[in-house]
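J.: take this sequence and fold it.
(2 chains)
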Amino acid sequence: MPPFARSLSGLAAFLALLLPSLARAAPPAASPTLAAVLARGVLNCGVAGNAAGFSLPDSAGVMRGIDADGCRAIAAAVLGDQKKLKFVPTTTENRFTALQSGEIDVLVRETTWTLGREASLGLEFGVINFYDGTGFMVKKSSGVTSARDLDGATICVEPGTSTELAIADYFRVNAMKYTPVEIQDLQEIHNAFLSGRCDAYSTDSSALAGFRFTQGAHAEDFVLLPELISKEPLGPMVRKGDDKWFDIIRWVSFAEITAEELGVSSRNVESFHDTTNPDIRRLLGLEGDLGKALGLDDQWAFNVIRQVGNTGEIWQRNMAPLGLPRGLNNLWNRGGLLFAPPLR
Amino acid sequence: MAVAALRPRALLWQALALGVVAGVIAVFSINAAHHLAARHIATGFGFLSAAAPIPIGESLISYTPSVSTYGRALLIGVLNTLKVAIPGCLLATLLGTLVGIARLSPIALLARLAALYVELLRDLPLLLQLLFWYGVFQTLPAPRQAMRPLPGVFLSNRGLRIPDLVWQPGFTGVAFALLGGIALSFFLARRTALAPGLAVRLGAFLPVLLLPAATLALYRPAFRVDWPALHGFNFQGGASLSPEYAALLTGLVLYTTSYVAEIVRGGLAAVARGQWEAGAALGLPRGAVLRLIVLPQALRLIIPPLTSQYLNLVKNSSLAVAIGYQDLVSIADTTLNQTGQAIEGVALIMAVYLSISLTISLAMNFYNARLARQAG
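T.: Purely as a prediction, here's the structure:
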């Protein structure tokens, strides 16, 4: 989308805040977001649409990435079909307004969970779907091997991100100077870095790995510096005050983790219909009424696993090709941080 | 008085219209307040005095991320917008006038070239042109291989670096003296314009030289030059012009020039041919006819549409976001993103652009009215 169209959608979101909304008629006890999604039959899911590994259309025009699969999982759980989904591209700058105004139902856009955002935006984070950290990428030819060598450097960064805040802190604490080049359009940032306008490109290290991957044969010309200068837990966001919807977003993610833990995947999920394992029976809705309690049907997790897969499959499909080690994003019992409360 | 002449019914309609507008604004405000409260979104302008952790690449005043306030960051945004808008309007006027006159030139090649320029630049989207110029400036060599057109001047993909005079307190006095000298000379020149004798007329310009010279002699500030030098990644010292600024200014000026040229051409063409012929009959050269007879009449037709072009240039400068120049919109966007104060941020952007635009309109209307008085 060209920037002026983005500004337009930002303006539309801004106007939506001013105008009386039509959604106010929903009954107070139920989830207004869930009711709206069910009535519409389509989930409006805000993504980046330009970040390899998170959400980027492939050569056939299909959106690929863990954020894209996050949207699919919610659509599968809520509407029973992962295809009943509309990807809404958002920028770092209009993403929150798009969610606040109701233009999207959920924002799955590699957004960092911070106190400031949760306290002042009227939005909240459902869960962490990716553990990341701010990193720096430089050209191998520059000879830079550590972030400490970046004193005086020009750094390309996206405006309105937690990255720009992390860099400001890092350089201040280490008494170093830098010149920012802040460009909203990701493609223009990449061009500026490739042309040598910037000495370093900084963003979440996963996005840097994704960027290097998209350079194809030239990937070897770029080095990811060893320092990660901040914690960047990324996750989906929803509007505050809709606890039922919040629960759904959170438990869809937990269901994917639980499935990997139990060895249930999209390929073998059908074979479990006569299993005696009570954990798997509850997960797949063969036992208990957990889906109804969420406001969904009991097949919700079964649909998620069969149509989208468990956390391991989602990783293998989207992040492994970028050459990223799984690290913190592995299950808790394999050295990672993925841990789901019991589904019972 | 005009109001007294109005009939009561007309007054009633006007009051009704005013009431409707006020009512709509009130509905918007109440709804916004209701929605913000319902969504637990913080409101108010308190964020302006909070420390701004956002980095800013170029600034006319000092700024330290995480120490300076959001208010100061936004002020830098306003200054950066003006830094593009003011030279942009001046350059577009100058170039536009030249191209417009060239289009009416009896030399066919010059007229065709000017026409080609206007058609090409006017027909391409401005955003595309900005991205093009930004791409062009990025093809400049890296700092280590920087071009050195003059000693101490470096041109690289980090921008233009030139030696800078280290500012001494005395210089401010000299600058004021220079301004005062110009004003005084202007006044004297008008008084002596018709005076006999070249010496008297030239004498009117003496204050321009004398006043600053006297101030210099009084303060005797030290002249120290800050030479840029390659140090680590980039040049340190001297004054700099960033590629983002250069691309934005170039794109805006060349684009607006094509419109100004058409306005100037139209204005000149609207002056009756007889005026040119009368001037020629008096034995005046073509340049003098243009300057003394045609332009003064054309100006009254040129000023109103030219004002619109100035306003367009100022507003178009907000496309800076696309090429990473941190103008008001860019910094306000980042601010509202980091603080979540979307309505306040957008309101500030609107207030600033409205102020700049109204100032330009008022100044140009005043100038136009004066021209009309002189002519009448």
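J.: for B:Leu218, give me its contacts.
T.: B:Gly173 (C-beta atoms under 8 Å, 6 or more residues apart in numbering or on different chains). All C-beta atoms are positioned from the backbone trio N, CA, C, and that covers glycine.
J.: element containing it, please.
T.: helix B:206-219 (DSSP states H and E).
J.: tell me who's in contact with B:Val84.
T.: Under the criterion of C-beta under 8 Å, 6+ apart, the contact list for B:Val84 reads B:Tyr245, B:Leu248, B:Leu249, B:Leu252, B:Ser317, B:Ala320, B:Tyr325, B:Asp327.
J.: quick check: nearest residue in space to the last one, chain neighbours excluded?
T.: This means B:Asp327. Closest residue in space to B:Asp327, ignoring its immediate chain neighbours: B:Ala320 at 4.1 Å, by C-beta to C-beta, 6 or more residues apart in numbering or on different chains.
J.: could you check the pLDDT of the one you found?
T.: We have a pLDDT of 92 for B:Ala320.
J.: for B:Phe366, same thing?
T.: pLDDT recorded at B:Phe366 is 91.
J.: how close does it sit to B:Gly152?
T.: Using C-beta to C-beta, to the nearest Å, B:Phe366 is found at 43 Å from B:Gly152.
J.: what about these two, which has more around it?
T.: Neighbour totals were compared for B:Phe366 and B:Gly152, and B:Gly152 leads with 16 against 10 (other C-beta atoms under 10 Å in any protein chain shown).
J.: surely that one and B:Asp226 touch.
T.: No - assessed by C-beta atoms under 8 Å, B:Gly152 is found out of contact with B:Asp226, at 9.8 Å.
J.: what is in contact with these two at once?
T.: B:Pro163, B:Gly238.
J.: one step back: ok, the contacts of B:Val84 vs chain A, which is closest?
T.: Looking at the contacts of B:Val84 and their distance to chain A, the nearest is B:Tyr325, at 9.1 Å (C-beta to the nearest C-beta).
J.: show me what contacts that closest one?
T.: For B:Tyr325, the set of contacting residues under the criterion of C-beta under 8 Å, 6+ apart consists of B:Asn80, B:Val84, B:Ser242, B:Glu244, B:Tyr245, B:Ala247, B:Leu248.
J.: near chain B at all, stretch A:208-227?
T.: No - no part of stretch A:208-227 sits near chain B under the criterion C-beta under 8 Å from any C-beta of the partner chain; the closest distance found is 14.3 Å.
J.: return the set of buried residues in that stretch.
T.: By 16 or more other C-beta atoms under 10 Å in any protein chain shown, the buried positions in stretch A:208-227 come out as A:Leu208, A:Ala209, A:Gly210, A:Phe211, A:Arg212, A:Phe222, A:Val223, A:Leu225.
J.: mind putting those into a markdown table with pLDDT and secondary structure?
T.: Listed next are the buried residues of stretch A:208-227 as a markdown table, based on pLDDT from 0 to 100; DSSP: H, G, I helix; E, B strand; the rest coil:
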| residue | pLDDT | secondary structure |
| --- | --- | --- |
| A:Leu208 | 91 | helix |
| A:Ala209 | 88 | helix |
| A:Gly210 | 86 | helix |
| A:Phe211 | 90 | helix |
| A:Arg212 | 90 | helix |
| A:Phe222 | 93 | strand |
| A:Val223 | 91 | strand |
| A:Leu225 | 92 | coil |
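J.: ok, which pair from the residues you listed is furthest apart?
T.: Longest distance between any two of those is 16.1 Å, between A:Gly210 and A:Leu225; criterion C-beta to C-beta.
J.: quick one, phi psi at the residue nearest to B:Asp327?
T.: Phi and psi for B:Ala320, reported as degrees, to the nearest 10, are phi -50, psi -30.
J.: now A:Gly61: how far from chain B?
T.: Applying C-beta to the nearest C-beta, to the nearest Å, one obtains 24 Å for the distance of A:Gly61 from chain B.
J.: pull out the buried residues from stretch A:166-181.
T.: For stretch A:166-181, the neighbour count (16+ other C-beta under 10 Å) marks A:Ala166, A:Ile167, A:Ala168, A:Asp169, A:Tyr170, A:Phe171, A:Tyr178, A:Thr179, A:Pro180, A:Val181 as buried.
J.: try stretch A:226-244
T.: In stretch A:226-244, residues buried by neighbour count (16+ other C-beta under 10 Å) are A:228-230, A:232-240, A:242, A:244.
J.: by contact count, what packs against the host helix or strand of B:Gly19?
T.: Assigned by DSSP H and E, B:Gly19 belongs to helix B:8-38. When contacts are defined as 3 or more C-beta pairs under 8 Å, 6 or more residues apart in numbering or on different chains; DSSP states H and E, helix B:8-38 packs onto helix A:3-18.
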